[in-house]
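1. Generate a structure from the sequence data that follows.
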Amino acid sequence: MVERQSPEPLSPLEPEFHVGSHGNFEHGVEIILTETRPGSIVQLAAWPGEEKKLIAAVRTVTGLALPDGAGGGLSDGVKSVFGFAPGKFTVADEAEGLAAAFAKVVTPAIGTVTDLSHGRTAIRIAGPKAEWVLAKFFAIDFALPAFPVGAGRSTTHHDIFAQIQRTSADQFDIYVFRSFARSFWKALCHASALAARSIFCSRTCAGCATKASAWPRCPHLASTPAASAARESGRRRPWCENVAAQPARGI
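-> Got it, this is the predicted structure:
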């Protein structure tokens, strides 16, 4: 008997998702963009007075000890959670089934569980110029003291609602409505036009984007002639095994 497998979800970014190296690499890679494609994205909301029970449920399911208060959050590289309003939290996991897991511990007396996996797109921006790019979109102080690692914010860019979590010192994950994702992605690429940037191919290379300073020593790099030539010339273009033969392109 042939085992049935679920099809890979299609990305709403696909027509505009141009994997490769872009821009001026005189100063190295300054921006890294990718779509992380988590397996689950869930929104939790507690009834008034039940916030602590919901926070306890988050710890039970994810193992993350969420700090009490709006805006606080944590990320361990696989699971992420942050508060974006009083008693409301966004939780993401690389694995599927997160909503079902929460439904077992978050009773109707505590609050609600809403599966948003089908309705949200997760975009990651990393690198030394990440704060600079995001400041073009949102009236938020992205400096580390004001926006610490793990914290989350809920905001908008024009009519595009966005939830932002800082997952490391120079990395942010942005959750937007799936129907607006392509438009926001294009705007993000244009805003990064003055910086040298690399676009990764979804989850396969998401791990490479965790620390821009580690580039180009990446486990997914291919030892292709084109990659060697780029490194020898000092351009530091990242060449992923899934993008091996692609030349650098302008915007």
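2. so what's residue 67 up against?
-> Residues near residue 67 by C-beta atoms under 8 Å, 6 or more residues apart in numbering: 73, 74. C-beta: built from backbone N, CA, C; applies to glycine.
3. Per-residue pLDDT of it, please?
-> Residue 67 is assigned a predicted lDDT (pLDDT) of 84.
4. Sheet partners, orientation included, of the helix or strand residue 176 falls within?
-> Per DSSP states H and E, residue 176 falls inside strand 171-177. Partners of strand 171-177 in the sheet, by DSSP bridges, are strand 120-126 (antiparallel), strand 160-168 (antiparallel).
5. Now residue 159: phi and psi?
-> phi -100, psi 10 (degrees, to the nearest 10).
6. quick one, what contacts it?
-> Residue 159 neighbours (C-beta under 8 Å, 6+ apart): residue 180.
7. Next, find the distance separating residue 83 from residue 181.
-> 23 Å (C-beta to C-beta, to the nearest Å).
8. cool, residue 187 as well?
-> 11 Å.
9. Which neighbouring elements make contact with the helix or strand hosting residue 91?
-> Counting by DSSP H and E, the element that carries residue 91 is strand 88-93. Applying 3 or more C-beta pairs under 8 Å, 6 or more residues apart in numbering; DSSP states H and E, one finds that strand 88-93 contacts strand 40-46, helix 51-62, strand 79-85, helix 98-105, strand 171-177.
10. What's the first helix or strand after the second one?
-> Along the chain past helix 51-62, the next helix or strand (assigned with DSSP H and E) turns out to be strand 73-75.
11. Check which helices and strands that next one is in contact with.
-> strand 79-85, strand 160-168.
12. Try it again at 10 Å.
-> Strand 73-75 sits against helix 51-62, strand 79-85, strand 88-93, strand 152-157, strand 160-168, with contacts defined as 3 or more C-beta pairs under 10 Å, 6 or more residues apart in numbering; DSSP states H and E.
13. could those go into TSV alongside distance to residue 110?
-> Listed next are those as TSV, based on distance: least, C-beta to C-beta, whole Å:
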stretch	distance to residue 110
helix 51-62	5
strand 79-85	15
strand 88-93	12
strand 152-157	21
strand 160-168	22
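14. To residue 193, which of these lies closest?
-> When the helices and strands packed on strand 73-75 are compared by C-beta to C-beta, strand 152-157 sits nearest residue 193, at 16.8 Å.
15. Next, the angle from the closest one to strand 79-85.
-> Interaxial angle, strand 152-157 versus strand 79-85 (axes from the mean of the first three to the mean of the last three C-alpha atoms, to 10 degrees): 70 degrees.
16. what residues are up against residue 13?
-> By C-beta atoms under 10 Å, 6 or more residues apart in numbering, residue 13 lies in contact with 33-35, 37, 121, 123, 178, 181-182, 184-186, 199, 202.
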